[in-house]
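Asks: coords please:
(2 chains)
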Amino acid sequence: MASLLNEARPPVFCPGCSHERITHALDKCFQNMGLDGNQIVMISDIGCSGLFDTFFHTHALHGLHGRALTYAMGIKLARPDLNVVVTMGDGGMGIGGAHLLSACRRNLDLTLMVLNNFNFGMTGGQFSATTPPEAQVGSGFLNRLERPLDVGQVARASGATYVTRCSSYRKDLPEEMERAIRHEGFSVLDIWGICTGRYIKRNKLTPQTIEETLASLPPIEGAVEENARKEYGRHYREVAGTLKPVSPPAKTEKAFEPPEKERREVILVGSAGQRIITAGEILCLAGLTGGMKVTQKNEYNITVLRGPSISEVILSPEEIGYTGIERPHVVVALAEEGVQRRKQIFPDLDENTLLIQVQGVDVPRNHAEVHQINFKAQKIKSTDWALAALSAMAKLNKAITLEMLRAALGKRFGGQVLESSLQLVDRVEVDG
Amino acid sequence: MGLSLMEGNEAIAWGAVEAGCRYFAGYPITPATTIFNTMLQLLPPLGGIVIQGEDEIASMGSCLGASMTGLKAMTATAGPGLSLYSEHISFAVGSEIPIVIVVVQRLGPSTGSATRGADGDIQFMRWGSSGGLPVVVLAPVDVKDCFSLTINAFNLAETYRVPVFIASNKEIAMTRESVDLDAIQRPEIVNRPAPLPGKPFLPFGVPEGGSVPHFLAIGDRILVRQTSSTHGADGYITTDYNEIGGNQERLKAKLESAVDRFSFHEAFMAQEADTLLVTYGVTARAAKEVRKVLAADGIPISLLILKTLWPVPEVLIRDKAEKVKRVVVVEMNTGQYVGEVKRVLGDKKVDFFGQMDGRLISPNQIREVIRHG
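Replies: Purely as a prediction, here's the structure:
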């Protein structure tokens, strides 16, 4: 195969920069693999490694500092047939650390080459995530206070399935690159090199010393056996292939006459865990069976199973604009947390409002028509009070009828849950 | 005529699928999470892809990658995530990558209140990227809009190769509503135009008479370059200031000169009205009620509900305000879009009412402002 190097745009690195060796090794690797340019996507970010996308006749995407792996994810998932090669410096690896960890955990079939030259070459030789503490760099004393990150160890610990730590001067670098690209899964090459423009002005680093340092470390080379698993994209398609398409949104036709033809506003106030939001939804569905337009606006804290829970439902024969409720026709008080959150509505309630008050739940002074119900005495659990209150509303001919409620339950639930909720609705006594 | 019960977020997901969206990536955040949930149900069985990114930056980055392979892509977040999208919004603007970004606004600043609504990010969507070039922002009022504006958002993203925002709000996104899905007018689906065969392809080459480059996907037989760097038509870095300046002007003009073609709105004009009420988003629902109540009180007003916020539909606003003495702008923030209306209307009297405390602005509050100033 011919070289994929872009002759019109030769490498522009500082004399002696090891990035240039890597450029030629990668070209050799592509040739050895027999790849055409349109089978490859080169993805790069910012820094000297970010020039790589311009050197090759391949597809290319150059983006923001440290984000190369994020673009690669979208491209590889959309086009699993492409060979996606990401180049990144030690700078991009550091700022995009979360993306490196996630790519290792996902095991999508990408090849990441970290062109690790231990400093930010382009901006003046500042320290990066891999700069040794003893190095003299453009960040004054700051690198002395931080510990460098071992890319290879991090990648292995995070689940990468192929990790190699090596020198830019390694003889079989093209072959090692090919092994990484051919590996089905996420491959990381931590390729150590020399920044002639910045780093070695004040630090001694040669191909020889890189070799010696690498030799003094435990080797990290090739497939990581303990991390071996399915490639993410293949796995994704396997699982997604078993999923059934979702049915279009359910429709409800008018089947019944509502007991009241006018707009009706209902507020359910209680506490999280009382299934108030679900009850609000069922009230809406019941409204739909009566040919009404409906809205349901909910309020709750971000915490789950604690705090107030409030559902405001409007049933109306007309289109509904504003979804807030200031003068409700029905207030259902199920727990004091919700009552307290809406305490400002109570002083204004008059006899036009029916207040369904569960016995034991205190409410502020008001002039509503109060209907107390003792659900405890009826052996109804607190988690069912909201639904039981809808039954009470229906039995008192407010907004919905029992047949509307039953039909709504049939739309929302099935099987055992439907059975037990229908039984509950039937057994609620409004005079107790 | 059957009605469906659905919240705004679900409607956005269904609209996206209908528009041809096949890639969604997002990071969980209230009140946008149910878009992710719904997309996760809808897309994978259709062969589409849904990803939970490690953060918002990754989510949007992966959408840009997927979009560059030709897939229609969408992401969704709230204010704190929009902050993290910023660098990729700039990328999408400058490098003309189509994407739909849903921002389900919640009460800010910062992490603010996760479960309370606001329209506090209206200027942030427009200006939250480096370079200051325009984007499209559409603002739905209800579930129906969430569905149809999402389709329009994809069409605009494809037509102009830009990021298109949907400026939703917790109060639309998580409020369930009855909707007749069959009755919604669907715009025709638009796909990004491919280059004409036989001509050499330049990734940012603009066809004669046009203002938007033709699109080829990364992975095509012909090589495609994409870059966030200042580039020429060939997708390589350029230092030619004429080329650079011309390109910036084009990126600005391709949207700002076209906004009259997509100035979505509703207008209720009363012949004898002295006042034009201008609003958008969920507040428009209260405004519609106010208009009826005031008409019954013998005080007719006109109402303009803007659904395209950016670029500012200046011709539309000027046209609707022409005959009135006074314009009242009502927003669920401390005053953001009113500045645009004032700018467009010059010396016309423009009053403002805003509220940003987690509550909806009620019809009574708007009525008081209109009656008593």
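Asks: mind listing the strands for the stretch 301-432 of chain A?
Replies: Here the stretch 301-432 of chain A has its strands, by DSSP state E, counting those that start in this stretch, at A:308-316, A:330-333, A:354-358, A:369-373.
Asks: any chance of those in a markdown table, plus mean neighbour count?
Replies: Any C-beta I mention is one placed from the backbone N, CA and C, and that applies to glycine too. Shown next, in a markdown table, are the strands of the stretch 301-432 of chain A (neighbours: other Cβ atoms under 10 Å in any protein chain shown):
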| stretch | mean neighbour count |
| --- | --- |
| strand A:308-316 | 24 |
| strand A:330-333 | 26 |
| strand A:354-358 | 23 |
| strand A:369-373 | 17 |
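Asks: looking at these, spot the one closest to A:L69.
Replies: A:L69 sits nearest to strand A:308-316 of all these, at 40.8 Å, using Cβ to Cβ.
Asks: got a markdown table for the strands of the stretch 301-432 of chain A, with distance to A:R170 and mean pLDDT too?
Replies: Shown next, in a markdown table, are these (distance: least, Cβ to Cβ, whole Å; pLDDT from 0 to 100):
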| stretch | distance to A:R170 | mean pLDDT |
| --- | --- | --- |
| strand A:308-316 | 62 | 97 |
| strand A:330-333 | 73 | 98 |
| strand A:354-358 | 75 | 97 |
| strand A:369-373 | 80 | 96 |
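Asks: and of those, who's closest to chain B?
Replies: With respect to chain B, and counting by Cβ to the nearest Cβ, the nearest of those is strand A:308-316 at 8.9 Å.
Asks: in terms of secondary structure, what does the closest one contact?
Replies: With contacts taken as 3 or more Cβ pairs under 8 Å, 6 or more residues apart in numbering or on different chains; DSSP states H and E, strand A:308-316 sits against strand A:264-271, helix A:276-289, strand A:293-300, helix A:336-341.
Asks: export the ones you listed to JSON lines and tack on distance to A:A250, mean pLDDT and mean neighbour count?
Replies: Converted to JSON lines, those look like this (distance: least, Cβ to Cβ, whole Å; pLDDT from 0 to 100; neighbours: other Cβ atoms under 10 Å in any protein chain shown):
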{"stretch": "strand A:264-271", "distance to A:A250": "22", "mean pLDDT": "97", "mean neighbour count": "26"}
{"stretch": "helix A:276-289", "distance to A:A250": "9", "mean pLDDT": "98", "mean neighbour count": "26"}
{"stretch": "strand A:293-300", "distance to A:A250": "14", "mean pLDDT": "96", "mean neighbour count": "23"}
{"stretch": "helix A:336-341", "distance to A:A250": "29", "mean pLDDT": "96", "mean neighbour count": "20"}
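Asks: of all these, which lies closest to A:A25?
Replies: Distance to A:A25, taken as Cβ to Cβ, is lowest for strand A:293-300 among these, at 57.9 Å.
Asks: what angle separates that closest one from helix A:276-289?
Replies: Computed by axes from the mean of the first three to the mean of the last three Cα atoms, to 10 degrees, the angle separating strand A:293-300 from helix A:276-289 equals 180 degrees.
Asks: now strand A:293-300, how far from the centre of its chain.
Replies: Offset of strand A:293-300 from its chain centre (Cα atoms, centre = their mean, to the nearest Å): 26 Å.
Asks: and it, anywhere near chain B?
Replies: Yes - against chain B, strand A:293-300 shows contacts by Cβ under 8 Å from any Cβ of the partner chain at A:293-300.
Asks: strands paired with that strand, and their directions?
Replies: Sheet pairing of strand A:293-300 (DSSP bridges) gives strand A:308-316 (antiparallel), strand B:176-179 (antiparallel).
Asks: could you list the low-pLDDT ranges of chain A?
Replies: Applying pLDDT under 70 to chain A picks out residues A:432.
Asks: that older thread, so which of the strands paired with strand A:293-300 is nearest A:Q274?
Replies: Ranking the strands paired with strand A:293-300 by distance to A:Q274, with Cβ to Cβ as the measure, places strand A:308-316 first at 6.3 Å.
Asks: the longest strand belonging to chain B: what's the following helix or strand?
Replies: Under DSSP state E, the strand in chain B containing the largest number of residues is strand B:99-107. Moving toward the C-terminus from strand B:99-107, the next helix or strand (DSSP states H and E) is strand B:113-117.
Asks: helices and strands around that next one, which ones?
Replies: Judged by 3+ Cβ pairs under 8 Å, 6+ apart, strand B:113-117 is in contact with strand B:99-107, helix B:170-173.
Asks: with mean neighbour count and distance to A:P308 added, can I get these in TSV?
Replies: Output for the helices and strands packed on strand B:113-117, formatted as TSV (neighbours: other Cβ atoms under 10 Å in any protein chain shown; distance: least, Cβ to Cβ, whole Å):
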stretch	mean neighbour count	distance to A:P308
strand B:99-107	28	17
helix B:170-173	29	16
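Asks: redo the ones you listed as TSV? Include distance to chain A and mean pLDDT.
Replies: Shown next, in TSV, are these (distance: least, Cβ to the nearest Cβ, whole Å; pLDDT from 0 to 100):
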stretch	distance to chain A	mean pLDDT
strand B:99-107	10	98
helix B:170-173	7	98
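Asks: quick revisit: next, the angle from the longest strand of chain B to strand B:113-117.
Replies: 90 degrees.
Asks: tell me which strands strand B:99-107 pairs with, and in which orientation.
Replies: Paired neighbours of strand B:99-107 in the sheet (DSSP bridges): strand B:72-77 (parallel), strand B:113-117 (antiparallel), strand B:163-169 (parallel).
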